[in-house]
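In: Provided below are the primary sequence and the corresponding predicted coordinates.
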Amino acid sequence: MTRKGTRKGIRLKLAGLAAATMLLSGCGFTGIYDLPLPGGADLGDHPYSVKVQFRDVLDLVPQSGVKVNEVAIGRVDKIGLAEDGWTAEATLLVNGDVNLPANAVARVRQSSLLGEKFIELAPPNNGTPGVGRLSDGAVIKLDRTSRNTEIEEVLGALSMLLNGGGLEQLQTISKELTAATEGRATDIKATLNNVNTMARTLDASKGSITKALDGLNKLSGTLNGQKDKAVAVIDNIGPGIKTLTDQRGQLVTMLQSLQSLSGVAIDTVNRSQEDLIADLKSLTPALRKLAEAGGNLPKALELLFTLPFPDGAMDAVRGDYFNLFLDVDLKLQDIIDNLSRSRQNPLRDIPGLGPIIAGPQQGVPGNAPPPLPLPSLGGPSNSYGNDPLPIPSLGGTSPQSSGHAGIMNALTGRGA
C-alpha cells in the first residue's frame, strides 16, 4: 500500500509539472528575465515604448530600471540588435505621465561602484532647448546616447601606468625640474609675475584680439573668394620676374645714373641757392600788392563776364530784353589801313611785308596821317573817306553814315 501510494503521488507531481511547463510555454515564457523585479517602477495605465540605440550596453539586462533625475519611471523591456545588425538596441517601457522632450538623451549608468546598471533619460544638456515630446515608438539615435566608464577600464588604465607605463618618466621629470629650479626661486617668481602681467594684458585686450581674429577671418574669406585671381597672378608673375632678371644690368645702370643725377641736382641747388632766395624775395612786393588788392581783384574780374553789356546798361532797359546791333568791318584793306596808322604796327616786323604795308612814317613829308575824325556839332559831315566815330550830336543833327548808328540808338533800339 505504501509503495503504491508513493508511486501514485510521484506520477501526479510529474503530471502537474508537465502541465505547468506546457502552460508556461503556451504563454510565451522565455526565461527568468520575463519575471518583473520586486519594487520596480510604476508604469501606470498607459505606458509608451521607446527604442534606444547604444554602441555598447555593457552588462545591461532586461528588467533593468529606467530613471529620470534618479527617480524610476520605467524599465528595460528587451535588448536586441538594430536593423543594421551591429548596433545594440534597448526597448524601454516608460510611464505615460512622464513628459520628456523629443530630443532627449540616454545614458547607461551604474547605481554604485559595484551596483546594477540602469538607463538614465534626460533633456539635452549641451545648451540645446528641448523640442516636442517623447512619444510612443520614438527612437533615440547613437548621437544622443552614451555610457559611463567602467571600473574595469579605470583599473586597466592604472595597471598600464604602473606596469611599464610612464611612472619612471614622471620620476625623471620631477628630478629634472627640481634640479632646474633649485636656487632660482627669485627668477622663477619674477617670471611668474611677468606671465601674470602678460595674462592680464591679454585679458584686457581680448576685445581687440577678437576683432583682429574676426578681421583675419574676413580677410581669409575674401582671399578664398578671389582664389582663382590669386592663382592667375601667381602663374603670371613668373614671366615678369624673368623679364626683371634679364634687365638686371640695365636696372643697376639706371640706379647708378640716378645716384649721379642726385649729386648733380644737389650741386645745382647749392650753387643757385642764393639766386633762388633772391628771386623769392623779389616776388614779395608783387605778392604784397596782390594781397593789398584783396577783394578788388575778384570784383574787377567780374567785368569780364558782363561783355558786351556792362552792369550799367541794365538801367537803360525798359523791358525784359533789349537789342544789340553791331557793324563789323572785315575788309582786309580797311584792316591793313587801320593797322598802318598805329604807331605799334605788328605787320612791320614781317619780312617782306613791312616796306609794302607800312603806314606813313612820322616826319616824312606827304606821309602825315590824316587827322582823327571828330563828331560833328550840327555842321556838315567831314570830308574824309572814313566814317566818323558814331557819337550822338549835342543839340544838332548828327550825320548818319551808311550802315552806322549812334551808341544811344544802338542801346535803345530806336535806330533799328
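Out: Cool, got the structure.
In: tell me the average confidence for the longest strand belonging to the chain?
Out: Taking DSSP state E as the criterion, the chain has its longest strand at strand 71-81. In this model, strand 71-81 has a mean pLDDT of 92.
In: ditto for stretch 90-105
Out: Per-residue pLDDT values across stretch 90-105 average out to 93.
In: Identify each buried residue in that stretch, please.
Out: 90, 92-95, 98, 100-101, 103-105 (16 or more other Cβ atoms under 10 Å). The way it works is simple: take the backbone N, C-alpha and C, and place the C-beta from them, glycine included.
In: can you redo those as a markdown table with distance to Val131 and secondary structure?
Out: Shown next, in a markdown table, are the buried residues of stretch 90-105 (distance: Cβ to Cβ, whole Å; DSSP: H, G, I helix; E, B strand; the rest coil):
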| residue | distance to Val131 | secondary structure |
| --- | --- | --- |
| Ala90 | 23 | strand |
| Leu92 | 20 | strand |
| Leu93 | 23 | strand |
| Val94 | 18 | strand |
| Asn95 | 21 | coil |
| Val98 | 17 | coil |
| Leu100 | 11 | coil |
| Pro101 | 6 | coil |
| Asn103 | 5 | coil |
| Ala104 | 10 | coil |
| Val105 | 13 | strand |
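In: Among those, which pair sits farthest apart?
Out: The most widely separated members of the buried residues of stretch 90-105, counting by Cβ to Cβ, are Leu93 and Asn103 (20.4 Å).
In: count of residues packed around the spatially closest residue to Gly137 that is not a sequence neighbour?
Out: Distances taken as Cβ to Cβ, 6 or more residues apart in numbering place Ser49 nearest to Gly137, at 6.5 Å, with adjacent residues excluded. Using other Cβ atoms under 10 Å, Ser49 has 14 other residues around it.
In: got a list of contacts for stretch 249-265?
Out: Leu244 (Cβ atoms under 8 Å, 6 or more residues apart in numbering).
In: Wait, a strand at the residue nearest to Gly137?
Out: Yes - applying DSSP: H, G, I helix; E, B strand; the rest coil, one finds Ser49 inside a strand.
In: Verify the stated contact: it with Asp136.
Out: Yes - using Cβ atoms under 8 Å, Ser49 is in contact with Asp136, at 5.7 Å.
In: can you pull out the strands in the stretch 51-200 of the chain?
Out: Secondary structure of the stretch 51-200 of the chain (DSSP state E, counting those that start in this stretch): strands at 65-68, 71-81, 88-94, 105-110, 117-122, 138-140, 145-147.
In: mind giving me JSON lines with these and columns for distance to Gly132?
Out: Below are the strands of the stretch 51-200 of the chain laid out as JSON lines (distance: least, Cβ to Cβ, whole Å):
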{"stretch": "strand 65-68", "distance to Gly132": "17"}
{"stretch": "strand 71-81", "distance to Gly132": "18"}
{"stretch": "strand 88-94", "distance to Gly132": "15"}
{"stretch": "strand 105-110", "distance to Gly132": "14"}
{"stretch": "strand 117-122", "distance to Gly132": "15"}
{"stretch": "strand 138-140", "distance to Gly132": "9"}
{"stretch": "strand 145-147", "distance to Gly132": "18"}
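In: Now do Gln361, the pLDDT please.
Out: 51.
In: sorry, that was for Asp45
Out: We have a pLDDT of 88 for Asp45.
In: same deal with Ser205?
Out: For Ser205, pLDDT reads 93.
In: do you know how far it is from Ala199?
Out: Distance of Ser205 to Ala199, given as Cβ to Cβ, to the nearest Å: 11 Å.
In: before we move on, what about Thr128?
Out: Applying Cβ to Cβ to Thr128 and Ala199 gives a distance of 33 Å.
In: phi, psi of Gly85?
Out: phi 70, psi 10 (degrees, to the nearest 10).
In: the bottom helix or strand of this structure by mean pLDDT?
Out: The weakest-scoring helix or strand in the chain, judged by mean pLDDT, DSSP states H and E, is helix 407-412 (a mean of 46).
In: Flag the shaky bits of the stretch 301-416 of the chain, pLDDT-wise.
Out: With pLDDT under 70 as the threshold, the stretch 301-416 of the chain has low-confidence stretches at 307-308, 311, 342-416.
In: mind redoing it with 80?
Out: Across the stretch 301-416 of the chain, the ranges flagged by pLDDT under 80 are 301-329, 335-416.
In: In the stretch 201-350 of the chain, mark out all the helices, start to finish.
Out: Here the stretch 201-350 of the chain has its helices, by DSSP state H, counting those that start in this stretch, at 206-225, 227-246, 248-271, 273-293, 296-302, 332-340.
In: For these, give me a markdown table that also has mean neighbour count and distance to Gly80.
Out: As requested, the helices of the stretch 201-350 of the chain are exported to a markdown table (neighbours: other Cβ atoms under 10 Å; distance: least, Cβ to Cβ, whole Å):
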| stretch | mean neighbour count | distance to Gly80 |
| --- | --- | --- |
| helix 206-225 | 10 | 48 |
| helix 227-246 | 10 | 51 |
| helix 248-271 | 10 | 79 |
| helix 273-293 | 10 | 103 |
| helix 296-302 | 10 | 101 |
| helix 332-340 | 12 | 122 |
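In: Same list (the ones you listed) but as a markdown table, adding distance to Ala185.
Out: Shown next, in a markdown table, are the helices of the stretch 201-350 of the chain (distance: least, Cβ to Cβ, whole Å):
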| stretch | distance to Ala185 |
| --- | --- |
| helix 206-225 | 32 |
| helix 227-246 | 54 |
| helix 248-271 | 59 |
| helix 273-293 | 67 |
| helix 296-302 | 82 |
| helix 332-340 | 108 |
